[in-house]
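*Asks:* kindly return the folded structure for what I paste below:
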Amino acid sequence: MTKSIYITDYNIVTPLGFDVTSNWEALLQGKSGIAEHQIIAHQDAFYVSKMNDEILDHTFQENFIDESFSRLEKMFLLCLKPLVENHEISCKSVLILSTTKGNISLLKNKTEIPESVYLSGLAQKIADFFGFKTRPIIVSNACVSGVLAISVAKNMIASGMYNDAFVIAGDEISEFVVSGFNSFQAIAKEPCKPYDLHRSGVNLGEATAAVYIASDETSTSNLKNIKFKVVGDSAINDANHISGPSRTGDGLYESVKNAMREANVTAEQIDFISAHGTATLYNDEMEAIAFNRMHLQHVPLNSLKGFYGHCLGASGLLESIVSMESALQKTLLPSKNFVESGISQDLNIIKENQSADIKYILKTASGFGGCNAAIVLEKC
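*Replies:* Residues are numbered from 1 along each chain as shown. Sure, this is the predicted structure:
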């Protein structure tokens, strides 16, 4: 008999707060972490969603004694700590790390590469700190990494390779990342507007997010209020372009189709879509085409990029967590800054907080290199 795989605990650390509750309250009030920050010396400020370093360091000192951690590592440790305290780490528990750039900022002005700049070194450092007994797994596949990490955990637990998984996702804003996106002329000069007629590009963000995933046979959770079954997943690469998405949404369409087929749900059963929604011209248009091809154009949909910016390897997991919290709170959040549709096909884009009963969530992500991923979550 196929095992059922569940997410039973989660946490997030973002510019809006250092736990789920504070983030949810800020989101309900329409607060955004996006503001102007100067990231690169002698260059103009950018609109980004950036952590307050003083608050980060203070909170870290309240929770940990050892200070020999990078800024990103502090964000990871703060995020994962409550989950490790809630669930026992066994010899068949695995840590899965989702990130695109990791500690790349540590390379600045260095003649030698620090060990934790390697993603394997970063993952092992976190695993060793919390006492994991198995080798950690790294998922680094552009902007689909956070969603894909849930899929990896689901399938590895279902296979019996592991009993449970602690999935952690995170990225920080760095000169490297800003320079890269700026070279594509993809960074907006104002707060981003996913799907809007006047959208002009992405705002970058930073965050960490963590979930605990286990089968119904092996869960060590004592928390009864959070239980979401991962009922379908898929990842398809359309190999369209190094940075540009397929104009016909082929990869996303196939990912959603496969995930919904595995979940055995129809378009009418999907209650909410947490979309990628970067506010770039071609991404938002591609998503509209793909969702219409799947007859999902009437399903309430949002992008959280107007609140958090694009957090790269953290986005998919962060947005999945907020989606699950939305289902628990029976409240759909708006796609912030959306006013007038700027896509060729209709979508049911949420404009204000609204009450809703949510059972099935579709979470999607798309990224550089033509990668696309989708998962279907069922509230139990």
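*Asks:* ok, which stretches of the stretch 101-250 of the chain are helices?
*Replies:* Taking DSSP state H, counting those that start in this stretch to define them, one finds helices in the stretch 101-250 of the chain at 119-130, 145-158, 175-183, 250-263.
*Asks:* who's in contact with residue 96?
*Replies:* Taking C-beta atoms under 8 Å, 6 or more residues apart in numbering, we find residue 96 in contact with 136-139, 149, 152-153, 165-168. Using the backbone N, CA and C atoms, a C-beta is placed for each residue, glycine as well.
*Asks:* walk me through the domains of the protein.
*Replies:* Under automatic domain parsing, the residue ranges defining each domain of the chain are 5-215, 230-379.
*Asks:* among these, which is the most enclosed?
*Replies:* Mean neighbour count (mean count of other C-beta atoms under 10 Å) peaks for domain 230-379 among these, with a mean of 22.
*Asks:* would you work out how far apart the start and end of that domain are?
*Replies:* Using C-alpha to C-alpha, to the nearest Å, one end of domain 230-379 lies 9 Å from the other.
*Asks:* so for it, what's the average pLDDT?
*Replies:* When pLDDT is averaged over domain 230-379, the result is 96.
*Asks:* the helices of the stretch 101-250 of the chain: which one's closest to residue 191?
*Replies:* helix 175-183 (15.6 Å; C-beta to C-beta).
*Asks:* mind giving me the packing neighbours of that closest one?
*Replies:* In this structure, helix 175-183 makes packing contacts with strand 204-205, judged by 3 or more C-beta pairs under 8 Å, 6 or more residues apart in numbering; DSSP states H and E.
*Asks:* pretty sure residue 369 contacts residue 237?
*Replies:* Yes - the criterion here is C-beta atoms under 8 Å, and residue 369 meets it with residue 237 at 6.9 Å.
*Asks:* follow-up on the earlier one: closest to residue 176 out of the contacts of residue 96?
*Replies:* Nearest to residue 176 among the contacts of residue 96, with distances taken as C-beta to C-beta, is residue 138, at 18.5 Å.
*Asks:* the closest one against residue 97, yeah?
*Replies:* Yes - assessed by C-beta under 8 Å, residue 138 is found in contact with residue 97 at 5.2 Å.
*Asks:* which residues are common contacts for the two?
*Replies:* Contact criterion C-beta under 8 Å, 6+ apart; residues bridging residue 138 and residue 97 by contacting each: 119, 123.
*Asks:* leaving out sequence neighbours, find the closest residue to residue 108.
*Replies:* residue 175 (7.2 Å; C-beta to C-beta, 6 or more residues apart in numbering).
*Asks:* the one you found and residue 106 touch, don't they?
*Replies:* No - in this structure, residue 175 is not within contact of residue 106 by C-beta under 8 Å, at 11.9 Å.
*Asks:* right, and the helices of the stretch 101-250 of the chain - which one's nearest residue 5?
*Replies:* Among these, helix 145-158 comes nearest to residue 5, with 4.6 Å by C-beta to C-beta.
*Asks:* can you give me the strands in the stretch 251-380 of the chain?
*Replies:* With DSSP state E, counting those that start in this stretch, the ranges of strands along the stretch 251-380 of the chain come out as 272-274, 300-302, 331-332, 348-349, 354-355, 360-367, 371-379.
*Asks:* typo on my end, the stretch 101-250 of the chain
*Replies:* 137-139, 164-171, 204-205, 207-215, 228-237.
*Asks:* between these, which gets nearest to residue 285?
*Replies:* Using C-beta to C-beta, these put strand 228-237 closest to residue 285, at 18.4 Å.
*Asks:* give me phi/psi at residue 131?
*Replies:* phi 80, psi 30 (degrees, to the nearest 10).
*Asks:* okay if I get the strands of the stretch 101-250 of the chain as TSV plus distance to residue 280?
*Replies:* Shown next, in TSV, are the strands of the stretch 101-250 of the chain (distance: least, C-beta to C-beta, whole Å):
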stretch	distance to residue 280
strand 137-139	23
strand 164-171	18
strand 204-205	12
strand 207-215	20
strand 228-237	19
